[in-house]
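Engineer: Take a look and give me a structure for this.
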Amino acid sequence: MAQLESGDVTFSQGTRMLFYLMTPNETSFSDVDSVPRYVQKATPFFIGLVLLEVFVSWLKTGELLVKINDGTTSLSAGMISRLPHVFVRSLEVSSYIYVWNNYHILELPWDSAWTWWLAFLGVDFGYYWVHRCCHELNILWAAHQVHHSSEYYNLTTALRQSVTQQCASWVFYLPMALVVPPSVFAVHIQFNLLYQFWIHTEIIRDLGPLEWILNTPSHHRVHHGRNLYCIDRNYGGTLIIWDRLFGTFTPEGDKVVYGLTRPINTFDILSVQFHYYSYLWEQFLKADGIGHKLSIIFKGPSWAPGKPRLGDHAEVPIVTGEEVPHNPYWSLGLQVYVHIQFLLVLGVYNDLFATQYPLSQMTILLITGYILLTLTSLGYIIEQRPNAAVWEALRCLIMMALYRFGYVGPVVSQLALATEVFVSLSALYWGMQCFTQLTSKEKHH
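Structural biologist: Presented below is the predicted three-dimensional model:
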């Protein structure tokens, strides 16, 4: 069976894999280690489609579709969600391999088209239940709410992913490990995720007859809505047939207002990822008796004593259609600065995944820490927090040291000098901001 060497993805395949238009013949592998990292290889194709969406939207409306504050937060969440994969293999794949090696009862051929299509259906069916449980179990919603926290709906929203969701999702795919080889599963768990990227758009309105079978932008817009008719609907990944079968399908109707029913109004990436866990812990402590405490964890996010398992959706805040997304003013200069710094850290992030194997664990840990610090600091700048100058000055100094000692490099080698000058001037600027704040406080006292 014709295969690419491990890790190779052509331009044609990179484009087609986003739409699940790959064939069994070109994506069948004898072992897991031969399966390309399709999700990681998709980065340039993600960027290309985001730019295309922005361009088409600009032609239609004359306005920029993606806000730098929201888009940066979404991309940051996506980067953070993938960082654990630098250290360990995906928990979904690792657990699957363990069950296969120890408990499989039948070995379907890895190079059979029938096995490939069975895995396609199995992964999508498993994803439906993963997704549904993430909305119906409060402890899982704590992870999944990250993806719903944007009040915008565009391709950058697709990348706003949770770092903790895979800690539970792996369980739902284990029955497949009894018969389907891990290499086949490893292909489809990636394609199922990649397919869901392009449906996060308002550019595409309707796909005709395909709306009956596939999960489409229209169906998924409903899923991201906080309108009453949108709550807990349309869980499908690639196919919408599971929602039609299990009674969770709703077609698009009134104008969809996106985001959480109670918007978080923050661009701090750590808050976006983890704020709900602290809220859940507070609710757990306040609850009376072990029964109510367990209900806080294992019933729906809207549950309260005396309410149904999933709560009363009639109590969801009323949506008028006039809601305005959280988009506080910040200067054009800061927007340009954050954009440039984000592009620099994106280059470091891509280099880390491309060269992780020759690197020592200590070096990987150092670079990962720098990426987390950068994404956090940029969030503070976007929010214009009082402590943003201190964090950014410190981050710039660390960045200068990492550049000087060769731990990270410029996005483009020809811009090495320009990058170092920019980072040095940035450190100087934020240092001066710190000094100004300090002297201002002393005068105030």
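
Engineer: show me where the stretch 1-150 of the chain has helices.
Structural biologist: Taking DSSP state H, counting those that start in this stretch as the criterion, the stretch 1-150 of the chain carries its helices at 11-16, 38-41, 43-61, 68-82, 84-87, 91-103, 113-136, 138-148.

Engineer: my bad, the stretch 151-300 of the chain
Structural biologist: So, for the stretch 151-300 of the chain - with DSSP H, counting those that start in this stretch - the helices run 155-158, 166-169, 182-198, 217-223, 241-246, 269-286, 289-298.

Engineer: Using CSV, write down the CA coordinates of the third one.
Structural biologist: Spelled out, it's helix 182-198. Written as CSV, here are the backbone C-alpha positions of helix 182-198 (Å, rounded to 0.1, in the frame of the first residue of the first chain):
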residue,chain,number,x,y,z
PRO,A,182,-3.9,1.9,16.9
SER,A,183,-2.4,3.2,13.7
VAL,A,184,-5.8,3.5,12.1
PHE,A,185,-7.2,5.2,15.2
ALA,A,186,-4.3,7.6,15.3
VAL,A,187,-5.2,8.8,11.8
HIS,A,188,-8.9,9.4,12.4
ILE,A,189,-8.6,11.0,15.8
GLN,A,190,-6.5,13.7,14.0
PHE,A,191,-8.8,14.0,11.0
ASN,A,192,-11.9,14.3,13.1
LEU,A,193,-10.3,17.3,14.9
LEU,A,194,-9.0,18.9,11.7
TYR,A,195,-12.4,18.7,10.0
GLN,A,196,-13.9,20.8,12.8
PHE,A,197,-11.6,23.7,12.0
TRP,A,198,-13.3,25.0,8.8
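
Engineer: and that helix with helix 138-148, angle?
Structural biologist: Computed by axes from the mean of the first three to the mean of the last three Cα atoms, to 10 degrees, the angle separating helix 182-198 from helix 138-148 equals 50 degrees.

Engineer: picking that back up, Throw the helices of the stretch 1-150 of the chain into JSON lines and include mean neighbour count and mean pLDDT, thanks.
Structural biologist: For glycine as for every other residue, the C-beta is placed from the backbone atoms N, C-alpha and C. Rendered in JSON lines, the data for the helices of the stretch 1-150 of the chain read as follows (neighbours: other Cβ atoms under 10 Å; pLDDT from 0 to 100):
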{"stretch": "helix 11-16", "mean neighbour count": "15", "mean pLDDT": "95"}
{"stretch": "helix 38-41", "mean neighbour count": "18", "mean pLDDT": "93"}
{"stretch": "helix 43-61", "mean neighbour count": "15", "mean pLDDT": "94"}
{"stretch": "helix 68-82", "mean neighbour count": "23", "mean pLDDT": "96"}
{"stretch": "helix 84-87", "mean neighbour count": "15", "mean pLDDT": "88"}
{"stretch": "helix 91-103", "mean neighbour count": "16", "mean pLDDT": "96"}
{"stretch": "helix 113-136", "mean neighbour count": "20", "mean pLDDT": "98"}
{"stretch": "helix 138-148", "mean neighbour count": "22", "mean pLDDT": "98"}
